[in-house]
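Visitor: Test case, fold it:
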Amino acid sequence: MLLVVGMLCSGVLRAYGITNLVWSDEFNGTNVDLTKWGFDLGNSSSISGSGWGNQEKETYTSAAKNAFVSNGVLHIVALNDVGGGAPYSSARMQTLGKFSLTFGRVEVRTKLPTGSPYWWPAIWMLATNYGGGSNVTNHWPQCGEIDMVESKGSTPRSNLATLHKDSSGSPGSDSASGVSYTFPVGDANTNFHTYVMQWGSGFFNFSIDSNTVHYTNGGTINSWSSSIGPFPTPFNHPFYFIMNLAVGGTFVGNPTVSNINANTTFPGDMQIDYIRVYQDIPSLPGVLSVMPALGCTFGGAAVTISGSNFLSGATVTVGGVAATSVTFVDSNTLTAVTPANSAGAKNVVVTNPDASTGTLTNGFTYLNAPTFAGLNGVSTAIEGATLTWSAASGVPPLTYNVYKGTNSLGESLLFPTNSLSVFVPLYPGSNSAITYFFVVQAVDGCGNTDNNVNEFTIQPLLDPNNDQDGDGMSNGFEQQYGLNPFDVADAAVDSDGDGLSNLQESLIGTDPMNKASPFHIIAIGREGDDLRITWADAAGRTDVVEAASDPTGSFTGISSNIIISGGGVGETNYLDTGAVTNSLLRFYRIQLVP
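Guide: Predicted coordinates:
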């Protein structure tokens, strides 16, 4: 019984057959049917307080003067006959404990009273769990209220249909939604009209006179929130009927008794021809599955929605965003294309043309970009590298882009691969050492890429048989002795000062870092009583053979000057005659002659 504003949407109604009538009162007898109706009494409530929480001025009774049946019509009558602070008698009838419903179609044929701007007639519904105590779900407006017929005596051409509840953004405060209708000139709610309410899971639709007169915005309300539970709370549990004629109160301006008396012609007579309840509302759509259930944030996934009670013209939203290309296959199947959305699990909602809805909670998941740790190892090989990484997670199929470069984070794409390890050939192509940089990036089936920057570097191993700088020395020789395989100038250098260049030592196979390597005794062998000494030295140099009986003593030359002939390293020998009989112990050395 409160004035509200609300969120409005259009809807489509279906026809209803009277064979599905589940409860009614045609008021054809001579008395109020007490098996169907009870009475609220007095001017106050233990829960809402005095004036029924609205500063009303009437005192409700169960007397026949205030509620009676005559000629097939229920009369609720307001009289000025009580006196005191609430001087008017009236009736407030309700079905609590006798009949309640959750969802259905309600029809009420009624005419509202004339004779005062301060009449406040209403036919409405209150949640059966309404009450006091510490449980806020039982409090008003959290519990919910549904107003079918509500009007001010001062505006008989207007009727309001209103939902009262709180909102998730304002717990405990009335956050009402409603629609209104204004009768054309020459008509009013003071004539008999049939008021219709269709209540389904997640929607209400209000109309007048067998659906031929609609409220603003089609009379449909299908969007609200509540602090006590998910949509469509609180309008998903039982409500009972209340019919009353109030006098005065906040809704009509909170007039004083003297103002009411001065502007009112008593009695006020609210008449109800019948009230009927049908529960043949359309079967609500049910959403059982969405396949595939995973997709990309940019949308575009073709999905099949399976369920029940789908209607041609149904729409689909995924995470609150409208899907495209929705196609009705049959009552159990829809197809659609997912919209773009943020990553995460989203509700899939099917809405039939009659505004009834079905929801599959977290029915479709938009996946994040792949999670990937990047490269976890690079091993060098001859003119190449082996890269390895662990599998990424994300929308399949997953591929991996391999990037290579010669400066940090300046890599270029080499190729994509489905493997977790690849060999990358590396050909330096110059006579300077090259450091290579590598990055591997995961790409999921949506085209999303990971954001890792795990970079590895290597210098490739050279082919030991090649001559990288063309200086005549192989890479293997130069690297073995610490020479630079990218420096052509080191071929002419005599690194150990033995008179041979590094190139010469490479050609003869001696150690360029060891001066003694081309100048050494090869063998000493006995020939009868003689000993033959064989040694090697560089060609063109002059040697002398020396001997001693004690290596710590003095060596004495035993040969003339011997010139090494040939080219490169030459080999020569000297025969020490009678050496075996001349000394028990004989030591030899070769001395270079300057």
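Visitor: if I look at the residue nearest to R105 when sequence neighbours are not counted, how far off is D450?
Guide: Excluding its sequence neighbours, the residue lying closest to R105 (C-beta to C-beta, 6 or more residues apart in numbering) is Y278, at 4.1 Å. Quick note: C-beta positions are derived from backbone N, CA and C, even for glycine. Using C-beta to C-beta, to the nearest Å, Y278 is found at 58 Å from D450.
Visitor: Give me the helix or strand of the protein that scores worst on average pLDDT.
Guide: Ranked by mean pLDDT, DSSP states H and E, the weakest helix or strand in the chain is strand 213-214, scoring a mean of 66.
Visitor: And the helix or strand following it, what does it pack against?
Guide: Remark: after strand 213-214, the chain's next helix or strand is strand 220-221, criterion DSSP states H and E. With contacts defined as 3 or more C-beta pairs under 8 Å, 6 or more residues apart in numbering; DSSP states H and E, the packing partners of strand 220-221 are strand 177-182, strand 203-208.
Visitor: for the residue lying closest to T137 once chain neighbours are set aside, what are its contacts?
Guide: If the residues on either side of it in the chain are set aside, T137 comes closest to I228, at 4.7 Å by C-beta to C-beta, 6+ apart. Contact analysis of I228 by C-beta atoms under 8 Å, 6 or more residues apart in numbering lists 136-137, 142, 166, 234.
Visitor: For G153, see how far away the residue positioned nearest the centre of the chain is.
Guide: Residue closest to the average C-alpha location in the chain (C-alpha atoms, centre = their mean): G344, at 1.2 Å. For G344, the distance to G153 equals 53 Å [C-beta to C-beta].
Visitor: List the residue ranges of the protein that fall below the pLDDT cut-off.
Guide: Applying pLDDT under 70 to the chain flags residues 1-19, 210-213, 280-283, 428.
Visitor: how's it carved up into domains?
Guide: Following automatic domain parsing, one finds the domains of the chain at 18-278, 286-366, 375-458, 520-593.
Visitor: of all those domains, which lies closest to D487?
Guide: Nearest to D487, of all the domains of the chain, is domain 375-458, at 7.6 Å by C-beta to C-beta.
Visitor: how long is the closest one end to end?
Guide: Taking C-alpha to C-alpha, to the nearest Å, domain 375-458 runs 13 Å from one end to the other.
Visitor: Please enumerate the helices of this protein.
Guide: For the chain, the helices defined by DSSP state H occupy 257-262, 475-480, 502-508, 579-582.
Visitor: could the ones you listed be laid out in CSV, adding mean neighbour count and distance to Y400?
Guide: Formatted as CSV, the helices of the chain follow (neighbours: other C-beta atoms under 10 Å; distance: least, C-beta to C-beta, whole Å):
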stretch, mean neighbour count, distance to Y400
helix 257-262, 14, 83
helix 475-480, 18, 32
helix 502-508, 20, 43
helix 579-582, 14, 75
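Visitor: Export the ones you listed as a markdown table, with columns for distance to V329.
Guide: Output for these, formatted as a markdown table (distance: least, C-beta to C-beta, whole Å):
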| stretch | distance to V329 |
| --- | --- |
| helix 257-262 | 62 |
| helix 475-480 | 70 |
| helix 502-508 | 81 |
| helix 579-582 | 111 |
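Visitor: closest one to I563 among those?
Guide: Of all the helices of the chain, it is helix 502-508 that lies closest to I563, at 18.2 Å by C-beta to C-beta.
Visitor: From the chain's centre, how far out is the closest one? Work that out for me.
Guide: What separates the centre of helix 502-508 from the centre of its chain is 69 Å, taken as C-alpha atoms, centre = their mean, to the nearest Å.
Visitor: again, but for stretch 253-263
Guide: Mean-position distance between stretch 253-263 and its chain equals 59 Å (C-alpha atoms, centre = their mean).
Visitor: Residue numbering should commence at 218 henceforth.
Guide: Understood, numbering begins at 218; the last thing we discussed is stretch 470-480.
Visitor: How far does it stretch from one end to the other?
Guide: End-to-end for stretch 470-480, by C-alpha to C-alpha: 13 Å.
Visitor: What of stretch 603-620?
Guide: Start-to-end span of stretch 603-620 (C-alpha to C-alpha) is 13 Å.
Visitor: How about stretch 276-284?
Guide: One end of stretch 276-284 sits 13 Å from the other (C-alpha to C-alpha).
Visitor: what sits up against that stretch?
Guide: 249, 256-260, 291-296, 298-299, 303-310, 461.
Visitor: Show me which residues of it are buried.
Guide: The neighbour-count check on stretch 276-284 (16 or more other C-beta atoms under 10 Å) flags 276-279, 283-284 as buried.
Visitor: before we move on, the earlier item: state the distance from the residue nearest to the centre of the chain to S440.
Guide: Separation of G561 from S440 (C-beta to C-beta) stands at 22 Å.
Visitor: cool, and N665?
Guide: Taking C-beta to C-beta, one finds N665 at 33 Å from S440.
Visitor: more crowded one of the two?
Guide: Legend: neighbour count by other C-beta atoms under 10 Å for N665 and S440, higher for N665 (19 against 14).
Visitor: ok, and the closest non-adjacent residue to that one?
Guide: Distances taken as C-beta to C-beta, 6+ apart place A586 nearest to N665, at 3.9 Å, with adjacent residues excluded.
Visitor: Tabulate the buried residues of stretch 276-284 (TSV), appending distance to D242.
Guide: Putting the buried residues of stretch 276-284 into TSV (distance: C-beta to C-beta, whole Å) gives the following:
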residue	distance to D242
T276	24
Y277	19
T278	20
S279	16
N283	17
A284	12
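Visitor: Could you point out which of the residues you listed is nearest to D391?
Guide: Y277 (23.2 Å).
Visitor: How much space separates that closest one from T578?
Guide: Distance of Y277 to T578, given as C-beta to C-beta: 44 Å.
Visitor: what do you get for G302?
Guide: On the measure of C-beta to C-beta, G302 and T578 end up 52 Å apart.
Visitor: Same check on P613?
Guide: As judged by C-beta to C-beta, P613 and T578 stand 25 Å apart.
Visitor: do the same with G289
Guide: G289 is 49 Å from T578, by C-beta to C-beta.
Visitor: just S317 next, same as before
Guide: Distance from S317 to T578, by C-beta to C-beta: 28 Å.
Visitor: Which one's more surrounded, these two?
Guide: Remark: of S317 and T578, S317 carries more neighbours, 17 against 11, as counted by other C-beta under 10 Å.
Visitor: show me the contacts for that one.
Guide: With contact taken as C-beta under 8 Å, 6+ apart, S317 is in contact with 345, 455-457.
Visitor: how about the residue nearest to D426 when sequence neighbours are not counted, what does it touch?
Guide: In space, and not counting its chain neighbours, D426 is closest to T411: 5.3 Å by C-beta to C-beta, 6+ apart. With contact taken as C-beta under 8 Å, 6+ apart, T411 is in contact with 324-326, 425-427.
Visitor: If we only consider these, which is nearest to V474?
Guide: Lowest distance from V474 to those (C-beta to C-beta) belongs to V325, with 30.4 Å.
Visitor: can you put the contacts of I445 in a markdown table and add distance to T555?
Guide: As requested, the contacts of I445 are exported to a markdown table (distance: C-beta to C-beta, whole Å):
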| residue | distance to T555 |
| --- | --- |
| V353 | 38 |
| T354 | 36 |
| Q359 | 35 |
| D383 | 33 |
| P451 | 32 |
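Visitor: hmm, which of those are the buried ones?
Guide: Buried by 16+ other C-beta under 10 Å: 354, 359, 383, 451, out of the contacts of I445.
Visitor: Could you verify my assumption that the third one touches S390?
Guide: Yes. Using C-beta atoms under 8 Å, D383 is in contact with S390, at 5.7 Å.
Visitor: so which two of the buried ones among the contacts of I445 are the farthest from each other?
Guide: Farthest apart among the buried ones among the contacts of I445 by C-beta to C-beta are T354 and D383. That separation is 10.5 Å.
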